[in-house]
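*Asks:* Next one to model:
(chains A, B and C)
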Amino acid sequence: MKHRSPAGEVVLLAAAITVPWLLQAAGEDYYIGFATRMAIFALAATSLNFIVGYGGMVAFGHAAFFGLGGYVVALLMEAGIASAWLSWPAAIAVATLSALAIGALSLRTRGVYFIMITLAFAQMIYYTVVSAAFAGGEDGLPLMQRSTLAPFDLADDATLYWIALALLAASLFALQRLAGSRYGRALAGLRQNETRMEALGYPVLRLKLVCFVIGAAVAGLAGALLANQNGMASPTQLYWTQSGMLLVMVILGGVGHRYGGVLGALALLGLEEALGRVTEHSHLYVGLALLAVVLFAPRGLAGLWKGTAR
Amino acid sequence: MAQLIFEQSLNGLQFGLMLFLLAAGLTLVFGIMDMINLSHGSLYMGGAYLGAAAAQASGSFLVGIAAAALGMAVIGILLELAVLRHLYRRDHLAQVLATFALILIANELVRMVWGPQPLMLNPPPALAGPVEVLGFSYPAYRLLIIAVGLAVAALLYGLVGHTRAGMWVRAGASNRAMAEALGVDVRRLFTGIFALGALLCGLAGVLLGPLLAVQVGMGENILILAFVVIVIGGIGSIRGALVGSLLVGMVDTLGRALLPSLLRTVASPEVAGQLGPALASIAIYLLMAGILIWRPAGLFPART
Amino acid sequence: MNPLLEVAGLKRHFGGLWATNGVDLTVEAGEIHALIGPNGAGKTTLVHLISGGLLPDEGRLRFAGTDIARRSMHERVALGITRSYQITQVFPQLPLLENVRLAVQARQHDFGSSFRFFRPASADFSLIEEAEEWLGRVGLAEQAHVHACDLSHGEQRALELAMALATRPRLLLLDEPLAGMGPEESAHMAGLIQSLKGEQTVLLVEHDMDVVFRLADRVSVLVAGRIVASGTPDAVRADPEVRRAYLGDEVQ
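*Replies:* Predicted coordinates:
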């Protein structure tokens, strides 16, 4: 692992912090919400990239943890608990526990069967939530207000953005440390040769399960943030197309690249937004762009200007 | 009650056979090309739209069926040549990204041509009413679907099991390198399989059109069911796809029809009313997870 | 004294075929024990059964007094059984030092858990120093920062040996360590195995009879899933049943 100076990252982070002030100065307050969405999806895609790129497990059910995080916040708020200090950790806890159960069962299969069984579990959670009246069914659960996070005022759009950005930056930093840690090295070995890792005496299943659970926990946190941003927990956040969307972001950005999830989320949401302003058929062009990336930039956007730096 | 069970069993059979039309192509593409094709559901949607448009324009349901099946076969060939062929040697992630992109494109194209409103597709008037079967009354149109489904399943079974092309297909599913060594023209075989899969998708789309809404997004729901089917059956196995389809069709249909009332016998109406639909809609996923944990490569693994 | 490894009546079948059909075998601490036998005799299956890659259908498998028949592979490694593979298994895209470092890190008893998430592994100098020592032991110290995929076949086998040794096994299973090597590479590897003599217990599966009879303290002969003879190299060489069933003209 090469040691690089973090100067570039610090400059980027500083620039990201100034975004709300710039938008307010330009009178484009609407885009603060959009920037928040980007940060939240960057966090969610990064968490999936940890499972897919670092852990080598193609999971197709990430929406389950993303969506559950949102529902936990909404349900706790209905029960009168608005404090993010309680409800966000609860969102993480629920995502963690469901990932423990789903992962322990799913990791018995491999390859395409793993893809499909994670998808199946996510769909089970989707249908369970949709048919539960207390979770609002097809309509989802609206949040009466945003979570409170004393001493911060989350009702202020810029503050919510900064909190999301801070959590994203913290996760990226933790991820970087993780990649270089003993555990991260063990994951790297696992990606290259599972048989050898097992023969060296590593508890392969447990290593992978921990990776799966860490990714899910971060997704739960991202889900809690998204519910705050959207003002509701919605079933679409749990549906398989959401899992597909997150996976697309990861692949688009660069699988296993530290900033793959961030790049993918920024590119996809940015493209949708930009195209949405000029055509009502933006999805057509988004699809064509994705197709072009697969066919002409096989290592994702991050691979366009440098090799993957896991 | 007897009428309900009879009717729902036939509905389950009918749904299962339609799933088989989708799953057959999907499992071959998956098993032989080792390719995850998420856009398979879009072919089904395309068939429904083409069929509905052709039937409306010509006033004949038969023309609709022909347009859907043949139209989707042609589109399938074009798609294979232009895009999918370049993905066979790529990893599953690239395939997911590309075929997800195809879903976005297909949905938007349909919206551009036919607008966001669902299309209406009516069954042929002669089949609109119910008929008597074994003393029970059952919609004639659904009976026709069952007949067509059975015929196609038998045809496909014979094609794969007893012809030279079918032998290539089976050889390709169990060992691709071996098939190539035996001199099978793999490129043409793949195009052919894809065209066949697309044709079956189109057929399923137009046949189910009168029963379900012909709308954007219809492919996404059924795609996952088709994946569940082929994973249960064992990827690459036609027999597995048939067994899986019927299993999923029956469990899903009967579960939705019977579980809520069954639950009422053991739980309070309130609990049953909540739990019944939830259990019914996740039943097939429970089935799949259970089968995979029991047999991690499905019921009839094609690869040895 | 009890033997280190005790195999009794071990059976495993695939379909209708008994690949291992009642194997009795003991390996004493400190010896180099060679396992020979014609192709298809079930040597690799036996290695899988001992290392935990496969579970036996019947029979007893005791290691250092512990019943290990149902233990998973990583549990057996923790108890002290490490194997090498017939087909080289290394981490191709990692430098040699990292390959061996991962093997050292696997030893939880000495170095603590791999479930450490924050501190850079590159700051664990004890891991790195020991990895360097093992690389030196097999003659690869110079190439510590080369990727494993850039090594020759013989060097990769030596790397694999270093990784296996780095887990500090009480019993080392070597599955055809000389397979596919040229004469020079073979001589180097044979020298490495010889250097283990007296300090490392080894169960060696090998086809090269010269090497087997030169290095081994004891030899067992596996034919059709059963041990037909076991003893010193000279005794086995002289055993009439072995000569008839297996060695044939090779030793004459």
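*Asks:* and B:G255, what does it touch?
*Replies:* Contacts for B:G255 were tallied using CB atoms under 8 Å, 6 or more residues apart in numbering or on different chains; they are B:279-280, B:283-284. Placement of C-beta: from N, CA and C, glycine included.
*Asks:* Sticking with it, tell me its helix or strand.
*Replies:* helix B:238-266 (DSSP states H and E).
*Asks:* How far does that helix sit from its chain's centre?
*Replies:* 16 Å (CA atoms, centre = their mean, to the nearest Å).
*Asks:* Sketch out the low-pLDDT regions of the chain for me.
*Replies:* The chain I'm using is chain A. A:1-5, A:304-310 (pLDDT under 70).
*Asks:* My question was about chain B, not that one.
*Replies:* B:173-174, B:176, B:178, B:182-183, B:303-304.
*Asks:* who's sitting farthest from the centroid in it?
*Replies:* Within chain B, the residue lying farthest from the chain centre (CA atoms, centre = their mean) is B:S268, at 36.7 Å.
*Asks:* Let me have the contacts of B:G255 in TSV, extended by neighbour count.
*Replies:* Conversion of the contacts of B:G255 to TSV gives the following (neighbours: other CB atoms under 10 Å in any protein chain shown):
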residue	neighbour count
B:L279	20
B:A280	22
B:A283	19
B:I284	26
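*Asks:* Also near chain A: which of these, exactly?
*Replies:* Among the contacts of B:G255, no residue sits close to chain A (CB under 8 Å from any CB of the partner chain).
*Asks:* After the helix holding B:G255, which helix or strand is next?
*Replies:* helix B:269-294.
*Asks:* Would you mark the buried spots in that next one?
*Replies:* B:272, B:274-285, B:287-289, B:291-292 (16 or more other CB atoms under 10 Å in any protein chain shown).
*Asks:* what's the angle between that helix and helix B:238-266?
*Replies:* Computed with axes from the mean of the first three to the mean of the last three CA atoms, to 10 degrees, the direction of helix B:269-294 lies at 150 degrees from that of helix B:238-266.
*Asks:* and helix B:269-294, what does it pack onto?
*Replies:* Other helices and strands packing on helix B:269-294, by 3 or more CB pairs under 8 Å, 6 or more residues apart in numbering or on different chains; DSSP states H and E, are helix A:112-130, helix B:218-233, helix B:238-266.
*Asks:* packing partners for the shortest one?
*Replies:* Using 3+ CB pairs under 8 Å, 6+ apart as the contact criterion, the elements in contact with helix B:218-233 are helix A:112-130, helix A:240-253, helix B:2-33, helix B:40-58, helix B:92-114, helix B:238-266, helix B:269-294.
*Asks:* could you dump those helices to TSV with distance to C:E241?
*Replies:* Shown next, in TSV, are the helices and strands packed on helix B:218-233 (distance: least, CB to CB, whole Å):
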stretch	distance to C:E241
helix A:112-130	48
helix A:240-253	61
helix B:2-33	49
helix B:40-58	62
helix B:92-114	53
helix B:238-266	49
helix B:269-294	46
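*Asks:* residues contacting B:V131?
*Replies:* By CB under 8 Å, 6+ apart, B:V131 lies in contact with B:137-140, B:143.
*Asks:* Looking at the residues you listed, spot the one nearest chain A.
*Replies:* B:P139 (26.8 Å; CB to the nearest CB).
*Asks:* contacting residues for the nearest residue to that closest one once chain neighbours are set aside?
*Replies:* With CB to CB, 6 or more residues apart in numbering or on different chains as the criterion, B:P139 has its nearest non-adjacent residue at 5.3 Å, and that residue is B:P130. Going by CB under 8 Å, 6+ apart, B:P130 touches B:137-140.
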